[in-house]
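Peer 1: Sequence and predicted model, in that order:
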Amino acid sequence: MPRHIHKLSNVDTENARAECANCGSVDIKLKANQSPRCMIAYKADRARYDSKRVRDYVSPEHGVKQSHALKLKSENPCFICGESDVSKLCIDHDHATGSVRGILCHLCNTALGSLRDDPVRLTRALRYLETPPLLGRV
């Protein structure tokens, strides 16, 4: 359903409810700095996004056919955190070589990317988490 059809009125942010022009009385999705959304439209958009994300992350450019990638994901949890929900898993690859490294969940894959796939940064991040430098001093 297009987002514009789901216009809300009588928004009650305290109880997270509103009247949707398309759906009637609905729960609403509240996010900071965003307009409230009809929960039915939000879930439909999210399902479309998730299915697209799964297709996008299982891409032929990594040299893995979609059917093989789905098999790999169904047989292997995330190699970092153990997440096993196939819809949250992706094929991780080395950006320098394009070689497939393994199966990671979206969060762990994003974390590695945020650290620029740099083992030194990852080691420093681990050290920071284990011994926060300002813990108890502020």
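Peer 2: Received it, and whenever you're ready, just let me know what you need.
Peer 1: In a strand, R101, correct?
Peer 2: Yes. Under DSSP: H, G, I helix; E, B strand; the rest coil, R101 falls within a strand.
Peer 1: mind checking pLDDT for V64?
Peer 2: V64 is assigned 75 on the pLDDT scale.
Peer 1: For F79, see how far away it is.
Peer 2: Applying CB to CB, to the nearest Å, the value for V64 to F79 is 15 Å. Where C-beta positions appear, they are placed from N, C-alpha and C, glycine not excepted.
Peer 1: Alpha carbons of stretch 121-137, as PDB, please.
Peer 2: Taking C-alpha atoms only, stretch 121-137 is exported to PDB below (Å, rounded to 0.1, in the frame of the first residue of the first chain):
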ATOM      1  CA  ARG A 121      40.100  -0.800  15.000                       C
ATOM      2  CA  LEU A 122      38.300  -4.000  16.000                       C
ATOM      3  CA  THR A 123      41.000  -4.800  18.600                       C
ATOM      4  CA  ARG A 124      40.800  -1.300  20.000                       C
ATOM      5  CA  ALA A 125      37.000  -1.500  20.100                       C
ATOM      6  CA  LEU A 126      37.200  -4.700  22.100                       C
ATOM      7  CA  ARG A 127      39.800  -3.200  24.400                       C
ATOM      8  CA  TYR A 128      37.600  -0.200  24.900                       C
ATOM      9  CA  LEU A 129      34.500  -2.300  25.800                       C
ATOM     10  CA  GLU A 130      36.500  -4.500  28.200                       C
ATOM     11  CA  THR A 131      38.200  -1.600  30.000                       C
ATOM     12  CA  PRO A 132      36.300   1.700  29.400                       C
ATOM     13  CA  PRO A 133      38.800   4.500  30.000                       C
ATOM     14  CA  LEU A 134      36.500   6.900  31.900                       C
ATOM     15  CA  LEU A 135      34.400   4.300  33.800                       C
ATOM     16  CA  GLY A 136      34.100   5.500  37.400                       C
ATOM     17  CA  ARG A 137      36.000   8.800  36.600                       C
END
